[in-house]
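**Student:** Make a model of this:
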Amino acid sequence: MNLDHLADLINRAERPLIYAGGGVITADAAAQLTELAEKAEIPVVSTLMNLGAISRKNPLSLGMVGMHGQKEANQAVYNSDLLITV
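**Tutor:** Residues are numbered from 1 along each chain as shown. Sure, this is the predicted structure:
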């Protein structure tokens, strides 16, 4: 799969969502995650190990997913038509 195909999938999605894990923090890529989310206007949900990579004050941050996560984060995953895992 090439980048043009991925960009097309993102552009055609009605409810894309970024699902970000601890690798973002391990790779010191929090700034790039936030930049991607803001440029593409895609909301972000986080795993426990990714908390803090994108500020909860950022309107695109929906918080943590899972049993102990935020309801809106879990609903966003359920309703997403394109899940971008990072």
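**Student:** switch to C-alpha atoms for all contacts and neighbour counts from now on
**Tutor:** OK.
**Student:** okay, and for this structure, where does confidence drop off?
**Tutor:** Counting by pLDDT under 70, the chain has low-confidence residues at 1.
**Student:** Do a quick rundown of the strands in it.
**Tutor:** According to DSSP state E, the chain carries its strands in the segments 16-20, 44-46, 61-64, 82-85.
**Student:** Just put those in a markdown table and tack on distance to residue 72 and mean neighbour count.
**Tutor:** Formatted as a markdown table, the strands of the chain follow (distance: least, C-alpha to C-alpha, whole Å; neighbours: other C-alpha atoms under 10 Å):
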| stretch | distance to residue 72 | mean neighbour count |
| --- | --- | --- |
| strand 16-20 | 12 | 23 |
| strand 44-46 | 9 | 28 |
| strand 61-64 | 6 | 23 |
| strand 82-85 | 15 | 15 |
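**Student:** Adding distance to residue 4, write those out as a markdown table.
**Tutor:** Below are the strands of the chain laid out as a markdown table (distance: least, C-alpha to C-alpha, whole Å):
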| stretch | distance to residue 4 |
| --- | --- |
| strand 16-20 | 16 |
| strand 44-46 | 22 |
| strand 61-64 | 26 |
| strand 82-85 | 15 |
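**Student:** Centre-most residue in this protein?
**Tutor:** residue 18 (2.2 Å; C-alpha atoms, centre = their mean).
**Student:** Just list the residues touching that residue, thanks.
**Tutor:** Listed by C-alpha atoms under 8 Å, 6 or more residues apart in numbering, the contact partners of residue 18 are 37, 42, 43, 44, 45, 83, 84, 85, 86.
**Student:** From those residues, pick the one nearest residue 14.
**Tutor:** Nearest to residue 14 among the contacts of residue 18: residue 42, at 10.2 Å, using C-alpha to C-alpha.
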